[in-house]
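Asker: generate a structure from the sequence data that follows.
(one chain, ligands or ions: 1)
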Amino acid sequence: MILVFVGPPGSGKGTQAKKLSASKGWPQLSTGDMLRAAISAKSTLGVKAKGFMDRGELVPDQLVIDLISERIDQPDCQKGFILDGFPRTIPQAEALDRVLHSKNKKVDQVIAFSMLDQELVRRLSGRRVCTVCGSMYHLEFGPTPGASCPANPARECQLEQRSDDYPDVIEKRLKVYHSQTEPLVSYYKTQHKLESVNAAHSPDQVEADVQTILKKK
Ligand code: AMP
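Answerer: Purely as a prediction, here's the structure:
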């Protein structure tokens, strides 16, 4: 099963991709996580991507297309995978179709996560991440960190706000989403691959809705 999650930043697609990955065994391929890892490692890719990400812009298509093309050749992807945050533009979607076609594969299902901008801003601005274990927390909605960090039980989680979760950058990311990523909804609708979930519902409800969609396949 090759599954694509499309949705604005903060709509919970990463959380749902993690849950589904754990239950089905399909790896979650998040280009955002891969790019942040490249930045931490100070690799050539990370150096190229950092400025775009800090400004809330998309990194150039070819960088992420190359990243994903290499990743999906790995053995753990052979039974399927979940694309979380890729594709984000029509050229990326077209490139993905071409790459998969050359391997006799195709995107099987696309799930669009829909939510109003106002709610997304609330979710993104309260988001905090532990710099040690990577766990995500939220000031308003939880989860809140426990007494000790899963990666370093001697200490509490070390919380930080992602640099692209500051208000001006959030506004930019949402604009970029509407202009460059939202057209994918029509792209995949035309291919008869699109189903939508109301991402404003509780995470458990969204998870159930995703499962219902997948059962129909
Ligand atoms: P995310 O964690 O998915 O919200 O991604 C964080 C940032 O990484 C985005 O704001 C972009 O700068 C960059 N990024 C992630 N995925 C892509 C993609 N498919 N195309 C271009 N830029 C991306």
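
Asker: paired strands for the lowest-mean-pLDDT helix or strand in the chain, with orientation please.
Answerer: Counting by mean pLDDT, DSSP states H and E, the weakest-scoring helix or strand in the chain turns out to be strand 136-138, with a mean of 92. Strand pairing for strand 136-138, determined by DSSP bridges: strand 127-130 (antiparallel).

Asker: now what about the least confident helix or strand of the chain, what contacts it?
Answerer: With Cβ atoms under 8 Å, 6 or more residues apart in numbering as the test, strand 136-138 has contacts from 14-15, 123, 126-130, 143-145, 157, 159. Glycine gets a C-beta too; all of them are placed from N, C-alpha and C.

Asker: kindly report the same for stretch 72-85.
Answerer: 1-5, 13-14, 17, 20-21, 24-32, 68, 71, 96, 99-100, 108.

Asker: out of the residues you listed, which are inside strands?
Answerer: 2-5, 28-30 (DSSP state E).

Asker: quick revisit: can you name the element that comes right after the least confident helix or strand of the chain?
Answerer: Where DSSP states H and E defines the elements, the next helix or strand beyond strand 136-138 is strand 159-160.

Asker: which strands or helices does that next one pack on?
Answerer: Strand 159-160 sits against strand 127-130, with contacts defined as 3 or more Cβ pairs under 8 Å, 6 or more residues apart in numbering; DSSP states H and E.

Asker: using CSV, write out the CA atom coordinates for the strand it packs on.
Answerer: Provided in CSV are the C-alpha atoms of strand 127-130 (Å, rounded to 0.1, in the frame of the first residue of the first chain):
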residue,chain,number,x,y,z
ARG,A,127,3.5,23.1,19.7
ARG,A,128,6.7,22.2,21.6
VAL,A,129,9.3,19.5,20.8
CYS,A,130,11.8,17.8,23.0
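
Asker: which ones are touching residue 21?
Answerer: With contact set as Cβ under 8 Å, 6+ apart, residue 21 has these partners: 27-28, 82.

Asker: switch the cut-off to 6 Å
Answerer: Residues counted as contacts of residue 21 (Cβ atoms under 6 Å, 6 or more residues apart in numbering) are 28, 82.

Asker: what's the answer for residue 145, then?
Answerer: Each residue near residue 145 by Cβ under 6 Å, 6+ apart is listed here: 137, 157.

Asker: rerun that using 10 Å as the cut-off
Answerer: Shown in contact with residue 145 (Cβ atoms under 10 Å, 6 or more residues apart in numbering): 128, 130, 133, 135, 137, 156-159.

Asker: among the residues you listed, which one has the most neighbours?
Answerer: Highest neighbour count within these: residue 157, with 23 neighbours (other Cβ atoms under 10 Å).

Asker: and that one, what pLDDT?
Answerer: For residue 157, the pLDDT comes out at 96.

Asker: how far away is it from the ligand?
Answerer: Distance of residue 157 to the ligand, given as Cβ to the nearest ligand atom, to the nearest Å: 19 Å.

Asker: could you find the closest non-adjacent residue to that residue?
Answerer: Excluding the flanking residues, the one nearest residue 157 by Cβ to Cβ, 6 or more residues apart in numbering is residue 130, at 3.7 Å.
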